[in-house]
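can you look at this prediction? I've put the sequence above it.
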Amino acid sequence: EVTVKVKEKKEKLVGGDGGDEGDEGGEKEGVKNGKVRSCNEKEKKQFGVVTLEWQVNVITIFWILFFFFAALLTRLYHIHLPPSVAWDETHFGKFANRYLKREFYFDVHPPLAKMLIALSGLVTGYRGDFSFEAPGMAYEQHLFIGMRVFCAIMGAMAVPFVYLTTRECIKSKNQAAPVMAGILLLFESASITVSKYILLDPILLFFITGSTYFSMRVYRNHHKPFSSFWWIEHICLGVFLSGAIGSKWVGLFIVLFVGAMTISTLWDLWGNLQLSMMRFFFHFLARAMTLIVLPLVLYILYFWVHFMVCSNTGDGDAFMSSAFQTTLKGNELSNTSMPQYIGYGSVVTIKSHRAGGGLLHSHPHLYPSPLAEQQQITCYPHKDSNNKWVIKKPHPRDDIELDDYRLVDYEREGIDFVLSGDFIRLEHLNTRVNLHTHPSPSFGKRHQQQVTGYGYQGIGDENDVWQMVLIDGIIGQKINRIKDKFYLVHNLTNCALSSDGEPYPEWGFQQSEVTCEPRSNLVQQYKEYGKWNIEFHEHVGLEGDVVSVVQPTFWDSLIELHITMGKTNNALLPKENEVTSQPWHWPINFRGQRFTAWGDGDLRIYLIGNHVIFIINFVMLCVYPICVLFWNLADARHCKAYVADANVRESLAWVFLGWCLHYFPYYLMNRVLYFHHYIPAIMLNCILSGILIDYMVDVIASVLFSARTLLKQGLKCVLVLLVVGIVVWSFTIFRHVSYGMEGPRIEYKNMLWMRSWEL
């Protein structure tokens, strides 16, 4: 269409009869005295704009396609290697299995990225038949490639997004900065590595880069409100934001970034006195609907689909409350019946009501010295016969008479229900020891008492007596299974049975510690970690009642899952012998992460950045504040020489803010951290570096050849190509960390640029 318009314009300008009138009273068109008349200024402008837009679009499309296919090539190369489970593929592969088998599981991350991985496996023929048991396990004939390819495609699309974002930042015909930014991410080793495996990070990176691009589009085009493209860009931004936070909660950082840009835009609109209040309200409402309501609705929708798909019982049941488990098909609490009220002689399992709490558990293993060498009491998150306890009445220390409540004739004797405020004993069903505590410090908390299993054949002492106190109830009220929450308060020491989820060492099988918390020490913790409920209940003298009446609503389940995810995420600890990293390691590429086994006969993958690109990025991070200071000093002196364009300066400020938001919050986190957490910040750093390198090259060329345009452009091209050449050269050196190192490790000594690397 553009080509046709250009031809029509040319024919009009050189028309043969010379009798047509020019546009809006222009000159006569045609040939006069053997000369072709030149077009008027309006015609020149129209003709030039049409041609320029055509050229720019072609160039942009070329670079988009180039970066996409080049990124695909770098990320799909050796995609089948290693032919075994690499690092966290063991987790996310298992989660894909759960979706394909429709089994419930628990994870600290939102479900969107994992559902997309499972969908990609389903489309490519994978049916969830590989266990993903541990890193290094061979895939053999199982169809895992489809999921890796999907992740590689998502990671590859981040590169053209970086190009487009940088182009939007500078708002110029100049291609050097966006091409430079794209080249930096294209050959960045860490980004390549995480995109080659079944991980959440390439999907997260895709949504974050898309959000960054559309946020810049929205910010730059706010002067064209309520047009079709304006609405499309806002809706796309909302969708990408929901995808980012729906993949990992660190997507919240890009939400904060977009929120800051939106507030800035609204503030500018508020200061526009020509804008009516009604018009401003429409601006605010449109942004609230597309950037708050739409992402929130989509985010909730992801969880609704998650609950619908994972509707069968699975290995994540025990992380959730007893009430939630009644919604899962096949769970022992679903569509079953059990007595409603607890009685003496009841066999029960007792669940910690804290988020992610386990079941009160014991096993025939003793605490090591210097702790009292009695039977261990723990919280265990999985179903087990060692979770069962018998509720009995208290008895004197010397009373050797044993009541077996399972043999009582309840029709003749009647049922004696447990009431709130009653004193009871809890006897472990399998080992016949009593739940016991004494004034000795626990293993991990010296101000709390040790809880043990004590006694023989149900006979113990006065320290086995506990008071069951109903929460939100009254003394004398019956205890309902599943629904009612209660405290177990020790009779003699007045402490409450508690579990905060801290694990025992290997001697305790890394199950959660159970202690007795003095009620006067920490009221909030006592309330949080001292709550328990009856999960399973059987009694030979009581008839069962349908449990489904206690099923929570979707909103209750959504809130519970988020609380459990948050608490579990904050409590994540490193695996045994696992090398982790700190935020200060990341910008300087101090230490990476081993993805595979590390013998000379293994194909070794190491997650580490391309060190040359990291040096460039780190230098640009340091140079940027200096440039800002120089620009501000130049503004104060009204000096325009060598000062970046206002659009560029503003864009750099936003990109630097985005990098800060994706980096500094990790210093506030107590959970375990890894190098891959820095990947989104690398992307923003590449954009910053691309723009600053272009600016600095332009300054150098201007200083050397201020009046010679051709030489200036030539030098600029040479300098840009030099930087690109260095980046490509560095990729050839560090490519092995992404594609695999084989043979003796000494052969890769040339890549050991830092002693802290574990190559």
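Noted; the coordinates are in hand.

just how off-centre is stretch 645-663 within its chain?
Mean-position distance between stretch 645-663 and its chain equals 23 Å (CA atoms, centre = their mean, to the nearest Å).

ok, stretch 489-506 next?
Relative to its parent chain, stretch 489-506 has a centroid offset of 33 Å by CA atoms, centre = their mean.

contacts only, for the residue positioned nearest the centre of the chain.
Most central residue of the chain, judged by C-alpha distance to the mean C-alpha position with CA atoms, centre = their mean, is residue 248 at 1.8 Å. Contacts of residue 248 were listed using CB atoms under 8 Å, 6 or more residues apart in numbering, and they are 109-110, 113, 200, 204. Heads up, the C-betas are built off the backbone N, CA and C, glycines and all.

now with 10 Å, please.
The neighbourhood of residue 248, defined by CB atoms under 10 Å, 6 or more residues apart in numbering, consists of 108-110, 112-113, 200-201, 203-204, 207-208, 677, 680.

so how far is residue 382 from it?
Here residue 248 is placed at a distance of 26 Å from residue 382 (CB to CB, to the nearest Å).

then residue 75?
As for residue 75, its distance to residue 382 is 38 Å (criterion: CB to CB).

now swap in residue 312 and tell me
According to CB to CB, residue 312 stands 16 Å off from residue 382.

so between these two, which is more surrounded?
A side-by-side neighbour count of residue 312 and residue 382, using other CB atoms under 10 Å, places residue 312 first with 16 against 13.

name whatever forms a beta bridge with the more buried one.
With DSSP bridges applied, the residues forming beta bridges to residue 312 are residue 103, residue 329.

for this protein, what helix or strand is lowest in average pLDDT?
helix 2-13 (a mean of 39; mean pLDDT, DSSP states H and E).

on that earlier part again, filter the contacts of residue 248 down to the ones in helices?
Within the contacts of residue 248, membership in helices is found for 112-113, 201, 203-204, 207-208, 680, as judged by DSSP state H.

what would the residues you listed look like in CSV with distance to residue 552 and pLDDT?
Putting those into CSV (distance: CB to CB, whole Å; pLDDT from 0 to 100) gives the following:
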residue, distance to residue 552, pLDDT
112, 22, 97
113, 26, 97
201, 33, 96
203, 30, 98
204, 30, 97
207, 30, 98
208, 33, 98
680, 35, 96
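
so which of these wins on neighbours?
residue 208 (31 neighbours).

quick check, that residue in contact with residue 241.
Yes: contact status for residue 208 versus residue 241: in contact at 9.4 Å, counting by CB atoms under 10 Å.

shared neighbours, these two?
Taking CB under 10 Å, 6+ apart as the contact rule, residue 208 and residue 241 both touch 251, 254, 257.

now do the same contact list for the residue lying closest to the first one once chain neighbours are set aside.
This means residue 251. For residue 251, the nearest residue in space outside its immediate sequence neighbours is residue 244; the separation is 3.2 Å by CB to CB, 6 or more residues apart in numbering. Contacts were defined as CB under 10 Å, 6+ apart; by that measure residue 244 touches 110, 112-113, 203-212, 250-255, 258, 295, 299, 680.

any idea how far the host helix or strand of residue 562 is from the chain center?
Assigned by DSSP states H and E, residue 562 belongs to helix 554-570. Averaging C-alpha positions (CA atoms, centre = their mean) puts helix 554-570 15 Å from its chain's average.

residues making contact with it?
Applying CB under 10 Å, 6+ apart, the external contacts of helix 554-570 come out as 106-111, 249, 300, 303-304, 306-308, 316, 319-321, 323-324, 327, 354-357, 500-501, 528, 551-553, 669-671.

how about stretch 224-236?
Around stretch 224-236, the neighbours that count as contacts under CB under 10 Å, 6+ apart are 210-211, 213-223, 262, 269, 275, 279, 282-283, 286-287, 289-291, 294.

for ChimeraX, write the selection for the buried entries among those residues.
Here is the ChimeraX command that picks out the buried ones among these, judged by 16 or more other CB atoms under 10 Å:
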select :210,211,213,214,215,216,217,218,219,220,222,262,269,283,287,290,291,294
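
quickly list what residue 84 is bridged to.
Beta-bridge partners for residue 84, by DSSP bridges, are residue 138.

can you count the residues close to the closest residue to residue 572 other than its chain neighbours?
The spatial neighbour of residue 572 that comes closest, neighbours along the chain excluded (CB to CB, 6+ apart), is residue 671 at 4.5 Å. Other residues lying near residue 671 total 14 when counted by other CB under 10 Å.

cool, and residue 586?
Burial of residue 586 is recorded as 24 neighbouring residues (other CB under 10 Å).

what do you get for residue 423?
Each residue near residue 423 was counted by other CB under 10 Å, and the total is 12.

how close does it sit to residue 229?
With the distance defined as CB to CB, residue 423 ends up 72 Å from residue 229.

the closest residue to residue 593 other than its chain neighbours: what's it in contact with?
Using CB to CB, 6+ apart and skipping residues adjacent in sequence, the residue nearest residue 593 is residue 607, 4.1 Å away. Residues counted as contacts of residue 607 (CB under 10 Å, 6+ apart) are 86-87, 189-190, 192-194, 197, 201, 581, 591-595, 674-676, 679, 737-738.

on the pLDDT front, check residue 607 for me.
What the model reports as pLDDT for residue 607 is 94.

equivalent analysis for the one 5 residues further on, please.
Residue 612 is assigned a pLDDT of 96 by the prediction.

next secondary structure element downstream of the host helix or strand of it?
Secondary structure assigned from DSSP H and E places residue 612 in helix 611-636. Secondary structure here is assigned by DSSP H and E; on that basis, the next helix or strand after helix 611-636 toward the C-terminus is helix 646-661.

and the angle from that next one to helix 611-636?
Using axes from the mean of the first three to the mean of the last three CA atoms, to 10 degrees, one finds that helix 646-661 and helix 611-636 are set 130 degrees apart in direction.
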